[in-house]
Each structure stands twice: as structure tokens, then as C-alpha cells.
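A.B. asks: I'd like to go over a predicted model; first the sequence, then the structure.
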Amino acid sequence: MLVRLMYASRAAKPLDPEELAHILRQARAANPKLGVTGVLCSSGELFIQVLEGGRAAVNRLYNRIITDGRHTDVTLLSYEEIDERRFAGWAMGQVNMARLNPALMLKYSETATLDPYAVSGKAAVALFDELVATAAVVCQG
């Protein structure tokens, strides 16, 4: 049984690019062993992440994320059973926000900045799908 989980969180403290790169390296090393794939989108202190994989593995990983002191305001945006993965090729990809057209944010939100807390879960899923489709996914692995 495959599932896709999307959540939003805020960084408990500001992350510099090296810290974010370290987190991504850790995910890319650990996720293949768990059978988990996904994509991370970060903008300043805000994060949206999608995890795909077996139900038990994704649930265990999400529970670890909830208790990880680097996150605050962890909010489940979407959880669904899926027939196939969208991000099968990425142990953890990253959306390149520098390539984002601000008009895309206005399509789903009141402002042109990423704020998953200000939109519905359904809008967050649609926004994320477009972010992945229109912004480059970098650091694939």
C-alpha cells in the first residue's frame, strides 16, 4: 500500500544553506533504505514536503518529523493512498524557488509569498504540483 503525505512546517530557528544541504543529504541517504521518495520546497523559514512510500514507513518518518526540534507548527496538509509515486526518481528532490513566477503564488494565495498555512490543504496540493512542474527540481538523488 503506497501513500503520499504532504505537510508544512516552520523552522524552529533560521537555517543557513549549509544546514539545509545537510538535511537533504541525510534524507537522500536514509530514504532509499526506507523505500521513501519525495520533494522538499523551502522558502525562508517555511517548508512544504511530500513523502511517498509504504504506509508504515511514511507514518514512522512523519512521526519522527513531528518530534524533531528543528520543526515547529508541523501541519498535515494531505494524506492519501496512491496507485503510483509522482516522485519515484528522487530520494529527496528540492524545488528551486528562485525560478518561481510570483504570479503562480497569487493563483492560490492572497500574497505572492509561500505560506501553506494561509491556504486550504487542497490548494496547497495544487500549488505544490505546479511548483514542481514549473520550478526546477534540483539536487535529485
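C.D. replies: Yep, that arrived.

A.B. asks: any idea what sits nearest residue 32, other than its immediate chain neighbours?
C.D. replies: residue 91 (5.2 Å; Cβ to Cβ, 6 or more residues apart in numbering). Where C-beta positions appear, they are placed from N, C-alpha and C, glycine not excepted.

A.B. asks: which intervals of the chain have sub-threshold pLDDT?
C.D. replies: Applying pLDDT under 70 to the chain flags residues 135-141.

A.B. asks: Let me see the ranges of the strands in it.
C.D. replies: Assignment of strands within the chain using DSSP state E yields the ranges 2-11, 37-43, 46-54, 71-82, 93-95, 137-138.

A.B. asks: Could you pull out the buried residues of the longest one?
C.D. replies: If you call a residue buried by 16 or more other Cβ atoms under 10 Å, then strand 71-82 has these buried ones: 71, 74, 77, 79.

A.B. asks: If I follow the layout properly, the first one ends up in contact with residue 7?
C.D. replies: No: applying Cβ atoms under 8 Å, one finds residue 71 not in contact with residue 7, separated by 9.0 Å.

A.B. asks: what residues are shared contacts of those two?
C.D. replies: Residues touching both residue 71 and residue 7 (Cβ atoms under 8 Å, 6 or more residues apart in numbering) are residue 65.

A.B. asks: Understood, closing this out.
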